[in-house]
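Asks: mind folding the following:
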Amino acid sequence: MSKPRNARNVFVPPPIDGLNLIAPPTEIKATEARQLDNYFIYDYGITQGSGIQGVETYSAGNIGMIYTYDVGNRGCLIAAGQKLYSISSPTGSKTDRTNATAVSSNAWIACQFNNKVVLVNGADTPRVWNGTAASVSDFTGTGSGMVYQNLKMPLGYKGRLYLMEENATYFWYGPLGFAGDAGGTWTQVDVGSFFESGGYILQMFTWTVNQGLSNEDLLVIISSRGEILIYQGDYPGSSTWGLLARGKIPAPVNTQSFVKVSNDVYIRTQRGLIPISSVIQNQQRSDSYYSLSRKIKDELYNGAGWPVISDQRPFLFVIDQSTYYVYVLNYERGAWSRLTFLDDADGLEQIAVFQDQLMLSRGADLYRYDLAGSPSSAVSYVWKTPFFDFGKSLVKESKLIRVLGSVNTLSASDKTFTITASISKDLEDPSSPSEVTAVSPALANSTQTPVVLEVAPPGIGKRLSFVFDREGAASDGIATIQGFDAFFEEGGIY
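Replies: Okay, the predicted model is just below:
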């Protein structure tokens, strides 16, 4: 049978709600994507990322820490080859800050406290650095039963330094203002009797909660079994100290798998990324408590990577150590995309954001990914839309795609905006798609230039998915896609 063929056009918005890997491909919203690689999501569209801009190789042994600090001067500390190095810019030369005390592990964990950086690794004497001294200093604080080599996870809370101990149910807190490089006596506090499921302290962090007319800093303790204890007060020895709330989540993946975002803390657990605010009494959300990462399925369930955020852009980054992709969350929108530039067997390990550059380690190599950089020839940019029937089950023949966007060409040379498109049909991606490419005229130096490109890839089916997939090139500007008009005919034989 046949139906009259009718010409139609539909506007398809950009995928500003990000990846959806759990819905059937015909049920994904128009503002979501079934694949979105190497794009950053903004309110107005999706913008191409840059790719790796440079690499620095450190001495033998894997890089065990990348930590950005601001203690009067900004910089980044890197642990590699049983040494501690500092850099003052992403492209700056490294300076050895190691002191004479032996180092056996690169797995340092750091925090800023009282304008100093405190470092522990659960194997060696902790270190303290003021950001300017030629080398780090040894921690010299003492406590009855304290074993330096067991200390993990430093943090500051209401003017005091707190330290966890490896596989223990107790923690230590120091005198007011003491970072540990000037002695001081630390006091032990055991909370093991409050853990109903057993286990040990795995994480400690602070959480700022609005209490009506003021904000209150709380101390959060999470066990290896996912039990949450939340304390308020000045410090454990004060009359104001007390247990405020309890909760339970799936176990966090490691000691560092959390990040502060605005007035919340996101925790990477065995069930994905969970905001602490969603599991505490009177702050329950109506949807599932792990909804932050639910739409990317089980991609963040496994692996030891921890999340980091940009201080200039609305993005959270976390490594999936089973695929070595970096998943990117626009935390203002709750929308995910992913970066796929180093997905081989020797994968990514450490991650940090430093001066608008993503710093990533693989073995002894430190890579730079410029969050404001131009597209790279080593990166494949992919956007796959849902499979659309556009409200009717008739056969559709694609005639034209008119892409709307803009391009940033801040460069010494002119840049272009390039689109490569193909059509997938009826829930299937062809192994050899028929791709069509369109390239804009060369665009002169400009902050943002609107662009309209037309491509006409062939495609016939009842449900069509529009696929944009191309390799970056040195001639590319920083392209933003703001949607497209799809022109097609429907009807005929079905």
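
Asks: does Arg74 really touch Ser86, like I thought?
Replies: No. Applying CB atoms under 8 Å as the test, Arg74 and Ser86 come out as separate, 10.6 Å apart. C-beta coordinates here come from the backbone N, C-alpha and C atoms, glycine included.

Asks: tell me which of these two has more neighbours.
Replies: Ser86 (21 against 13; other CB atoms under 10 Å).

Asks: what's the helix or strand harbouring the more buried one packed up against?
Replies: Secondary-structure assignment from DSSP states H and E places Ser86 in strand 83-87. Under the contact criterion of 3 or more CB pairs under 8 Å, 6 or more residues apart in numbering; DSSP states H and E, strand 83-87 touches strand 74-80, strand 95-96.

Asks: to Val10, which of those strands lies closest?
Replies: With distances scored as CB to CB, the stretch of the helices and strands packed on strand 83-87 nearest to Val10 is strand 74-80 (47.5 Å).

Asks: quick one: the closest one to strand 83-87, angle?
Replies: Interaxial angle, strand 74-80 versus strand 83-87 (axes from the mean of the first three to the mean of the last three CA atoms, to 10 degrees): 150 degrees.

Asks: buried ones in strand 74-80, by neighbour count?
Replies: Gly75, Cys76, Leu77, Ile78, Ala79, Ala80 (16 or more other CB atoms under 10 Å).

Asks: same question, stretch 11-21
Replies: Buried residues in stretch 11-21, defined by neighbour count with 16+ other CB under 10 Å: Val12, Pro14, Pro15, Ile16, Asp17, Gly18, Leu19, Asn20, Leu21.

Asks: which of these sits closest to Gly483?
Replies: Pro14 (4.9 Å).

Asks: which pLDDT value goes with the closest one?
Replies: On the pLDDT scale, Pro14 is placed at 98.

Asks: check whether it really touches Gly45, as I assumed.
Replies: Yes. Counting by CB under 8 Å, Pro14 touches Gly45, with 4.3 Å between them.

Asks: so what sits against both of the two?
Replies: Ile481, Gln482, Gly483 (CB atoms under 8 Å, 6 or more residues apart in numbering).

Asks: pLDDT below threshold where in the chain?
Replies: Scanning the chain with the threshold set as pLDDT under 70 gives 1-3, 60, 213, 281-290, 301-304, 342-346, 377, 410-413, 493-494.

Asks: what segments of it are helices?
Replies: Taking DSSP state H, the helices of the chain run over residues 291-294.

Asks: ok, the closest residue to Ala102 other than its chain neighbours to Gly184 distance?
Replies: Once flanking residues are discounted, Ala102 sits nearest to Asp124: 6.8 Å by CB to CB, 6 or more residues apart in numbering. Distance, Asp124 to Gly184, using CB to CB, to the nearest Å: 19 Å.

Asks: what do you get for Pro275?
Replies: Pro275 sits 35 Å away from Gly184 when distances are taken as CB to CB.

Asks: same check, this time on Ser262
Replies: 33 Å.

Asks: compare the two (neighbour count), which wins?
Replies: More neighbours surround Gly184 than the other of Ser262 and Gly184, with 19 against 9 (other CB under 10 Å).

Asks: list the buried residues for stretch 323-337?
Replies: Buried, per 16+ other CB under 10 Å, within stretch 323-337: Tyr324, Tyr325, Val326, Tyr327, Val328, Leu329, Asn330, Tyr331, Ala335, Trp336, Ser337.

Asks: who is the second one paired with across the strands?
Replies: Put plainly, it is Tyr325. Asp320 (DSSP bridges).

Asks: how about it, what does it touch?
Replies: Contacts for Tyr325 (CB under 8 Å, 6+ apart) come out as Glu299, Ile319, Arg338, Leu339, Thr340, Asp343.

Asks: re earlier: out of the buried residues of stretch 11-21, which is nearest to Tyr69?
Replies: Nearest to Tyr69 out of the buried residues of stretch 11-21 is Gly18 (CB to CB; 31.2 Å).

Asks: tell me the contacts of that closest one?
Replies: Glu32, Ala33, Leu36, Ile41, Lys295, Asn330, Arg333, Gly334, Ala335, Trp336, Ser337.

Asks: excluding residues flanking it in the chain, which one is nearest it?
Replies: Ala335 (3.1 Å).

Asks: now, which of the shared contacts of Pro14 and Gly45 lie within strands?
Replies: Using DSSP state E, the subset of those located in strands is Ile481, Gln482, Gly483.

Asks: TSV for these, including distance to Asp311 and neighbour count?
Replies: Converted to TSV, those look like this (distance: CB to CB, whole Å; neighbours: other CB atoms under 10 Å):
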residue	distance to Asp311	neighbour count
Ile481	26	23
Gln482	26	18
Gly483	30	20
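
Asks: Glu471 against Val379, yeah?
Replies: Yes. Counting by CB under 8 Å, Glu471 touches Val379, with 7.2 Å between them.

Asks: those two: who's more crowded?
Replies: For Glu471 versus Val379, the count of surrounding residues by other CB under 10 Å is larger for Val379: 23 against 14.

Asks: got phi/psi on the more buried one?
Replies: The phi and psi values for Val379, taken as degrees, to the nearest 10, are phi -120, psi 140.

Asks: just checking, it touches Asp469?
Replies: No. Counting by CB under 8 Å, Val379 does not reach Asp469; the two are 11.7 Å apart.

Asks: not counting sequence-adjacent ones, nearest residue to Leu161?
Replies: In space, Leu161 is closest to Gly174, 4.6 Å off (CB to CB, 6+ apart).

Asks: from Gly180, how far out is the one you found?
Replies: From Gly174 over to Gly180 (counting by CB to CB), the distance is 7 Å.

Asks: what do the two both touch?
Replies: Joint contacts of Gly174 and Gly180 (CB under 8 Å, 6+ apart) are Gly141, Leu161.

Asks: which of those two has more neighbours?
Replies: Each of Gly174 and Gly180 has its neighbours counted (other CB under 10 Å); Gly180 has more, 28 against 25.

Asks: phi first, then psi, for the more buried one.
Replies: The phi/psi pair for Gly180 (degrees, to the nearest 10) is phi 110, psi -10.
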